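Undergrad: Pasting a predicted model and its sequence here:
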Amino acid sequence: MVTRHGVKKFIISVLPQIEQQLEDGYTIKEIHANLPELANNISYSSLLRNLNKMEISQKKLYSNKIEKSVKLNTDPSHSQKKTNAERNLEILQKRSEKFEFDPGTNDEELI
């Protein structure tokens with residue numbers, strides 16, 4: 001394997017073949033697999049990183065950040081100023097009553 005600092009020099013030596021295959025429509029992963037000099041001496045990730053630094057590959061690094069959209073509940077029942085205790089109390093009051101089993105009954109009476 002070529003050292004990290006020697007990768008750029010190695011890529012420059014194989015650059016005409018890489019550019020030709022990029023024009024033919026091959027992906028960088030396919031180019032890495034097709035050229036045995038690259039596959040034996042350079043890892044795919046270092047090839048991709050260096051091609052991006054040299055601005056040769058068509059794959060762009062993700063640099064745009066997605067803005068988070070804040071969605072507010074506009075229902076009057078969902079007040080933003082309610083405390084957790086008030087919300088939990090509402091949930092408890094809306095619950096249906098639990099089934100209570102009377103231990104004195106027989107199994108036949110339950111069905």
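TA: The structure has been received and is ready for your questions. Numbers count the residues shown, from 1 in each chain.
Undergrad: Can you pull out the low-pLDDT segments for this structure?
TA: In the predicted model, the chain carries pLDDT under 70 at residues 1-2, 58-80, 99-102, 106-111.
Undergrad: What is the lengthiest helix in it packed up against?
TA: Under DSSP state H, the helix in the chain containing the largest number of residues is helix 7-23. Secondary structure elements in contact with helix 7-23, counted by 3 or more C-beta pairs under 8 Å, 6 or more residues apart in numbering; DSSP states H and E, are helix 28-34, helix 36-41, helix 44-53. Placement of C-beta: from N, CA and C, glycine included.
Undergrad: Could I get the CA-only coordinates of it as PDB?
TA: Extracted as PDB, the C-alpha positions of helix 7-23 are listed here (Å, rounded to 0.1, in the frame of the first residue of the first chain):
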ATOM      1  CA  VAL A   7      -1.400   8.600  -2.900                       C
ATOM      2  CA  LYS A   8      -1.600  11.900  -4.800                       C
ATOM      3  CA  LYS A   9       1.500  11.200  -6.800                       C
ATOM      4  CA  PHE A  10       0.200   7.700  -7.500                       C
ATOM      5  CA  ILE A  11      -3.100   9.000  -8.700                       C
ATOM      6  CA  ILE A  12      -1.400  11.600 -10.900                       C
ATOM      7  CA  SER A  13       0.500   8.800 -12.600                       C
ATOM      8  CA  VAL A  14      -2.700   6.900 -13.400                       C
ATOM      9  CA  LEU A  15      -4.800  10.100 -14.000                       C
ATOM     10  CA  PRO A  16      -5.200   9.700 -17.800                       C
ATOM     11  CA  GLN A  17      -6.800   6.200 -17.300                       C
ATOM     12  CA  ILE A  18      -9.100   7.500 -14.600                       C
ATOM     13  CA  GLU A  19     -10.300  10.500 -16.700                       C
ATOM     14  CA  GLN A  20     -10.900   8.200 -19.700                       C
ATOM     15  CA  GLN A  21     -13.000   5.900 -17.600                       C
ATOM     16  CA  LEU A  22     -14.900   8.800 -16.000                       C
ATOM     17  CA  GLU A  23     -15.800  10.000 -19.500                       C
END
